[in-house]
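S.K.: The following block contains a protein sequence and its predicted model.
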Amino acid sequence: MRSIPPTQRRRKRRRGFRLTLGLIPLAVVVALVWGGVAEVGRASSSFEASTNRSFVAQGRIVALESNRSAAEMRGVVGALGSSTLGRVGLEVRLDALVSQTADQSGRASFISPPASRVSGQMFVDAMELRARAVVMFRSAIDGLLGSTPSTPAGAYARTGGQPRVSASGAANSGVLIPSSTATARILSAGSLLIRSDRDYALSRRWLKGSAGHATLPVSRWVERSVTWGLGPVSALVQDVANSPTLSAQHALALTTVRVDPPAVPALTAPQSSTQSGSAAVTSNPSATVGSNQPTGTGAPSVIPPTSSLAVTAVVDNTGNVTETGVSVTATLQRTGSSRSAGEHELISLRPGGSVAVAFPTFKVTTGDSYTLTVSVSAPDIQQLSAGLTQLFSLQIAPATPSFPTGPG
């Protein structure tokens with residue numbers, strides 16, 4: 001075997017040493033870069049974990065509120081099926097559900113998104129779908145009952161302060177819809193709720209498996225999808241349509257008529273008189289006149305000397321239906337004249353509501369007598385209409401003569 005000369009061996013050792021010296025800086029640079037990348041990765045992972053946890057902390061509040069709304073929705077559906085819920089109570093509960101879910105949808109959209117924007121958007125979509133479903137369910141029930149909600153069924157679920165979703169044909173304004181239309185709307189609402197549960201579950205799963213492992217609470221609106229199937233929904237619609245506790249009851253009443261200046265009791269009328277068109281008089285010198293009887297031979301109510309007469313009518317709604325476009329009319333006709341002055345106002349009343357209608361003042365002449373007629377237009381289907389038109393005989397007292405005064 002050939003031996004390498006000593007000089008050549010020394011030359012190779014020097015080259016190897018120089019190569020080693022050249023690789024040391026490169027190794028240092030590689031180590032620094034690798035350490036930096038690892039540090040950036042750790043910082044990025046920490047930021048994502050913090051972002052996810054922040055999203056879940058805020059989303060948890062919305063989700064728990066949504067769960068309470070889901071329980072309320074199930075309670076409403078159960079009460080509809082058992083006919084244990086009155087019409088007014090139903091409207092109040094549906095009003096609250098529409099408002100709650102719209103608020104939840106809007107607040108969800110304001111939460112800063114997590115690291116995975118897809119999972120965050122699915123959370124927002126789930127809340128929006130629930131709001132849309134409640135609006136659609138509300139529109140179906142309103143259409144079946146001919147209700148006019150105080151919170152219109154076409155109200156929006158707001159996201160970012162702007163309307164994004166609304167229900168098709170939601171605002172019924174008291175117009176009845178066929179049972180088939182109501183069934184279709186409720187089926188659509190059920191489909192939206194099932195989709196919302198699916199979107200929420202995916203968002204929850206992804207966030208749990210992402211950095212930070214933050215976990216949203218379970219939130220499910222549909223416990224059994226069959227509940228929102230054609231058979232149960234059709235049965236629910238029939239229960240609502242045939243429910244005696246949800247049927248419309250129209251009951252407008254003209255409860256009080258007041259004049260200003262106040263009526264003074266006629267000398268021939270007893271203090272408690274409500275007969276023959278006389279003013280209803282009490283020991284309290286109030287401005288109230290009232291009689292459910294037409295004018296007749298009774299003594300008129302006397303009004304102090306005046307050139308103008310103010311009339312106010314109080315109308316109550318003791319039924320369970322919101323009444324809109326109610327016409328309240330006041331007519332004043334001077335005795336012996338074929339001409340009369342009339343004023344009318346349009347009002348709306350919620351169930352249990354009361355409205356005082358103040359008419360523009362009427363011009364009168366001292367010493368003359370008048371017939372005041374006040375009437376309220378009730379729906380044709382209102383069974384009791386007695387007292388909705390009231391007539392009153394009024395006498396404007398003559399002006400008090402002034403006598404010159406002299407000495408002595």
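M.R.: Perfect, I can see it now.

S.K.: Helices of this protein, residue ranges please.
M.R.: When assigned using DSSP state H, the helices of the chain occupy the ranges 6-82, 87-110, 117-145, 179-209, 230-242.

S.K.: Point out the most buried one among those.
M.R.: helix 117-145 (a mean of 25; mean count of other C-beta atoms under 10 Å). C-beta here means a position set from N, CA and C on the backbone, and glycine is covered the same way.

S.K.: Need the mean per-residue confidence for that one.
M.R.: Throughout helix 117-145, pLDDT has a mean value of 93.

S.K.: what angle sits between that helix and helix 230-242?
M.R.: Per axes from the mean of the first three to the mean of the last three C-alpha atoms, to 10 degrees, the angle that helix 117-145 makes with helix 230-242 is 40 degrees.

S.K.: circling back: which one, of the helices of the chain, ends up nearest to Thr371?
M.R.: The closest of the helices of the chain to Thr371 is helix 87-110. By C-beta to C-beta, the value is 37.7 Å.

S.K.: and the closest one with helix 117-145, angle?
M.R.: Computed with the same axes, to 10 degrees, the direction of helix 87-110 lies at 160 degrees from that of helix 117-145.

S.K.: Which neighbouring elements make contact with helix 87-110?
M.R.: Counting contacts by 3 or more C-beta pairs under 8 Å, 6 or more residues apart in numbering; DSSP states H and E, helix 87-110 packs against helix 6-82, helix 117-145, strand 157-159.

S.K.: if we go to 10 Å?
M.R.: Counting contacts by 3 or more C-beta pairs under 10 Å, 6 or more residues apart in numbering; DSSP states H and E, helix 87-110 is packed against helix 6-82, helix 117-145, strand 157-159, strand 162-165.

S.K.: and the residue lying closest to Ala79 once chain neighbours are set aside, what does it touch?
M.R.: Nearest non-adjacent residue to Ala79, counting by C-beta to C-beta, 6 or more residues apart in numbering: Leu85, 3.9 Å away. Contact analysis of Leu85 by C-beta atoms under 10 Å, 6 or more residues apart in numbering lists 75-76, 78-79, 91, 93, 240, 243, 245-246.

S.K.: tally of neighbours for the residue lying closest to Val328 once chain neighbours are set aside?
M.R.: Distances taken as C-beta to C-beta, 6+ apart put Val357 closest to Val328, at 4.7 Å, once the chain neighbours are dropped. Residues near Val357, counting by other C-beta atoms under 10 Å, number 22.

S.K.: show me what contacts Val357?
M.R.: Listed by C-beta under 10 Å, 6+ apart, the contact partners of Val357 are 254, 257, 311-315, 326, 328-330, 343-347, 374, 376.

S.K.: And the longest strand along the chain, what does it pack against?
M.R.: Taking DSSP state E as the assignment, the strand of the chain that covers the most residues is strand 323-334. The contact analysis (3+ C-beta pairs under 10 Å, 6+ apart) places strand 323-334 against strand 252-260, strand 308-317, strand 340-349, strand 354-358, strand 362-363, strand 369-376, strand 389-396.

S.K.: if you average pLDDT over stretch 205-215, what comes out?
M.R.: Stretch 205-215 comes out at a mean pLDDT of 87.

S.K.: Run through who's touching it.
M.R.: 44-57, 59-60, 114-116, 118-120, 122-123, 204, 216.

S.K.: Try it again at 6 Å.
M.R.: Residues outside stretch 205-215 that contact it (C-beta atoms under 6 Å, 6 or more residues apart in numbering): 45, 48-49, 52-53, 56, 116, 119.

S.K.: Relative to Pro304, which of the helices of the chain is closest?
M.R.: Pro304 lies closest to helix 87-110 among the helices of the chain, at 42.9 Å (C-beta to C-beta).

S.K.: Dump that closest one to PDB, restricted to CA.
M.R.: What follows is helix 87-110, C-alpha atoms only, in PDB (Å, rounded to 0.1, in the frame of the first residue of the first chain):
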ATOM      1  CA  ARG A  87    -103.800  35.000  23.200                       C
ATOM      2  CA  VAL A  88    -102.300  38.000  25.000                       C
ATOM      3  CA  GLY A  89     -99.800  35.900  26.900                       C
ATOM      4  CA  LEU A  90     -98.800  34.200  23.700                       C
ATOM      5  CA  GLU A  91     -98.100  37.600  22.000                       C
ATOM      6  CA  VAL A  92     -96.100  38.800  25.000                       C
ATOM      7  CA  ARG A  93     -93.900  35.700  24.900                       C
ATOM      8  CA  LEU A  94     -93.400  35.800  21.200                       C
ATOM      9  CA  ASP A  95     -92.500  39.500  21.400                       C
ATOM     10  CA  ALA A  96     -89.800  38.600  24.000                       C
ATOM     11  CA  LEU A  97     -88.400  35.800  21.900                       C
ATOM     12  CA  VAL A  98     -88.100  37.900  18.800                       C
ATOM     13  CA  SER A  99     -86.400  40.600  20.700                       C
ATOM     14  CA  GLN A 100     -84.000  38.300  22.600                       C
ATOM     15  CA  THR A 101     -82.800  36.300  19.600                       C
ATOM     16  CA  ALA A 102     -82.300  39.500  17.500                       C
ATOM     17  CA  ASP A 103     -80.200  40.900  20.300                       C
ATOM     18  CA  GLN A 104     -78.200  37.600  20.600                       C
ATOM     19  CA  SER A 105     -77.500  37.600  16.900                       C
ATOM     20  CA  GLY A 106     -76.300  41.200  16.900                       C
ATOM     21  CA  ARG A 107     -74.000  40.700  19.900                       C
ATOM     22  CA  ALA A 108     -72.500  37.600  18.400                       C
ATOM     23  CA  SER A 109     -71.500  39.500  15.300                       C
ATOM     24  CA  PHE A 110     -69.700  42.100  17.500                       C
END
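
S.K.: Counting neighbours, what do you get for the spatially closest residue to Pro360 that is not a sequence neighbour?
M.R.: Excluding its sequence neighbours, the residue lying closest to Pro360 (C-beta to C-beta, 6+ apart) is Glu343, at 5.4 Å. Neighbours of Glu343 under the rule other C-beta under 10 Å: 16.

S.K.: for the one 5 residues further on, same thing?
M.R.: The burial count assigned to Ser348 is 13, neighbours taken as other C-beta under 10 Å.
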